[in-house]
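Undergrad: Just need the structure, nothing else, for what follows:
(one chain, ligands or ions: 1)
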Amino acid sequence: MSQQLIEKLKGFKVIPVIQINNVEQAVPLAKTLVENGLPVAEVTFRTEAAEDAIRLMREAYPSMCIGAGTVLNAAQVDRAKTAGAEFIVAPGLNPNTVRYCQEQDIAMVPGVNNPSQVEQALELGLTFLKFFPAEASGGINMIKSLLAPYVDVAFMPTGGIGKANVNDYLAIDRVHCCGGTWMVAPALIEAGDWDEIGRLVREAVELVNP
Ligand SMILES: O=C(O)C(=O)C[C@H](O)[C@H](O)COP(=O)(O)O
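TA: Presented below is the predicted three-dimensional model:
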């Protein structure tokens, strides 16, 4: 991942992890994020709407930082890149998918949660990694333990992060940003509750930028 993109993600500090079920929710959600100070999204390929959602968000907000999450194979990499994603995120580390992203010259942030996976990632030339599932894998203590020996590694913790603990993670050196769904819960998106999402986004931005 380019240092420029890493710096961009660091600047946001919080990356909304989004599950979109209906493509018509994409642009209103992007509008809500942009207008409330968080022009970034990781749109997960957990749903069939993800590809078109990324495309519509990119068309409506060309400068928004949009990534694709839950990308598990080369075909999904192609679909995400074609739709306009500028980075790829995965729950785990699949060397084949990582190598394919490198061949396609698109940034890839695989998920890891133990030393062997970190060393696999280093072997693949990656140093910016998703720590997932963060809380279930030992949380703050685990991520500090992983950062100690691997002095070139930085993390984006995701999984069980919310208002109560996000700043605990961000306080750790080499934790660049955190992923989370708390401000973009699928139920709120499904309900089209853009006011509540906007409030939660503003609250999150203020929380991590005291
Ligand atoms: O689907 C993926 O690729 C994932 O990595 C899973 C999501 O990032 C986590 O489920 C977010 O966890 P919460 O913020 O606790 O809801």
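
Undergrad: thinking residue 61 is in contact with residue 30, fair?
TA: Yes - contact criterion CB atoms under 8 Å: residue 61 and residue 30 qualify, at 5.2 Å. The C-beta positions use only the backbone N, C-alpha and C, and glycine is treated the same way.

Undergrad: which residues does residue 22 contact?
TA: 49, 190 (CB atoms under 8 Å, 6 or more residues apart in numbering).

Undergrad: actually residue 46, not the one I typed
TA: Taking CB under 8 Å, 6+ apart as the test, what residue 46 contacts is 19, 69-70.

Undergrad: quick one: the helices in the chain?
TA: 3-12, 26-35, 50-60, 74-83, 95-103, 115-123, 139-147, 166-170, 186-191, 194-208 (DSSP state H).

Undergrad: for the chain, what are the low-confidence residue spans?
TA: Of all residues in the chain, none has pLDDT under 70.

Undergrad: Show me which residues of it sit near the ligand.
TA: The interface of the chain toward the ligand, taken as CB under 6 Å from any ligand atom, is made up of 17, 44, 46, 69-70, 91, 132, 158-161, 179-181.

Undergrad: Sort out which of the residues you listed are buried, if you could.
TA: With neighbours counted using 16 or more other CB atoms under 10 Å, the residues of the chain next to the ligand contain these buried positions: 17, 44, 46, 69-70, 91, 132, 158-159, 161, 179-181.

Undergrad: want to throw the helices of the chain into a markdown table with mean neighbour count?
TA: Formatted as a markdown table, the helices of the chain follow (neighbours: other CB atoms under 10 Å):
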| stretch | mean neighbour count |
| --- | --- |
| helix 3-12 | 15 |
| helix 26-35 | 20 |
| helix 50-60 | 21 |
| helix 74-83 | 18 |
| helix 95-103 | 16 |
| helix 115-123 | 15 |
| helix 139-147 | 16 |
| helix 166-170 | 18 |
| helix 186-191 | 15 |
| helix 194-208 | 17 |
